[in-house]
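A.B. asks: Just need the structure, nothing else, for what follows:
(one chain, ligands or ions: 1)
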Amino acid sequence: MPDTARIAVIGTGWWSTTAHIPALQANPNADLVALADIRADAVEKAARHFGVERTYTDVHEMLARERLDGVVIAVWHAAHYEAARPCLEQGLHTVLENHGGSPLRQQWIERLEELGLLDSPVAAAD
Ligand SMILES: NC(=O)c1ccc[n+]([C@@H]2O[C@H](COP(=O)([O-])OP(=O)(O)OC[C@H]3O[C@@H](n4cnc5c(N)ncnc54)[C@H](O)[C@@H]3O)[C@@H](O)[C@H]2O)c1
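C.D. replies: Sure, this is the predicted structure:
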């Protein structure tokens, strides 16, 4: 991986715009290259505020177009799995605002097992 990691943020609601996006922009080792949110108004507002040029309302389209090293995901609980799955399947470093009480927990465990990621920090952080 080069010195600067190319990162996208998925979900541009309260927590991303409060914590993750400012933290990424303050990190000299991170390059925040794109934002995605299913709500066009939310992603455009965040992009204007933080000066991020590339925006998407479809995670799959973003993954197809962008050359990324990792993603930070802060979406509604019910969307954790659908947002994170394609990122993990593409082998991206993935930070997910997930927790033990989140729905679809068993689905997560089974899919991470299939991907051979259950012993990785992705799973261990839960
Ligand atoms: N670690 C912490 O201390 C902490 C603090 C606050 C929130 N969180 C977590 O962060 C996550 C987001 O919380 P929030 O308060 O920012 O919520 P929010 O409702 O403000 O923002 C969530 C955003 O996700 C978008 N979204 C939903 N489904 C999507 C999908 N499939 N693809 C792309 N975007 C999608 C929504 O349009 C919305 O803009 C939650 O899981 C929450 O528990 C963690």
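A.B. asks: Going by C-alpha atoms from here, please, whenever you check contacts or count neighbours.
C.D. replies: OK.
A.B. asks: how deep is residue 44 tucked in, by neighbour count?
C.D. replies: Using other CA atoms under 10 Å, residue 44 has 22 other residues around it.
A.B. asks: Quick one: residues contacting it.
C.D. replies: residue 55 (CA atoms under 8 Å, 6 or more residues apart in numbering).
A.B. asks: pLDDT (mean, whole number) over the helix or strand that contains residue 113?
C.D. replies: If you go by DSSP states H and E, residue 113 is part of helix 105-115. Helix 105-115 shows a mean pLDDT of 76.
A.B. asks: buried stuff in that helix?
C.D. replies: Applying a neighbour-count criterion of 16 or more other CA atoms under 10 Å, one finds 108, 111-112 buried in helix 105-115.
A.B. asks: Closest one of the residues you listed to the ligand?
C.D. replies: Of all the buried residues of helix 105-115, the ligand sits closest to residue 108, with 14.4 Å by CA to the nearest ligand atom.
A.B. asks: From residue 75, how far off is that closest one?
C.D. replies: To residue 75, residue 108 is 15 Å away according to CA to CA, to the nearest Å.
A.B. asks: I'd say residue 31 and residue 6 touch.
C.D. replies: Yes. Using CA atoms under 8 Å, residue 31 is in contact with residue 6, at 4.9 Å.
A.B. asks: Count the residues that sit near residue 19.
C.D. replies: Counted with other CA under 10 Å, residue 19 comes out at 10.
A.B. asks: Dump the buried residues of helix 105-115 to TSV, plus distance to residue 57.
C.D. replies: Output for these, formatted as TSV (distance: CA to CA, whole Å):
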residue	distance to residue 57
108	23
111	24
112	25
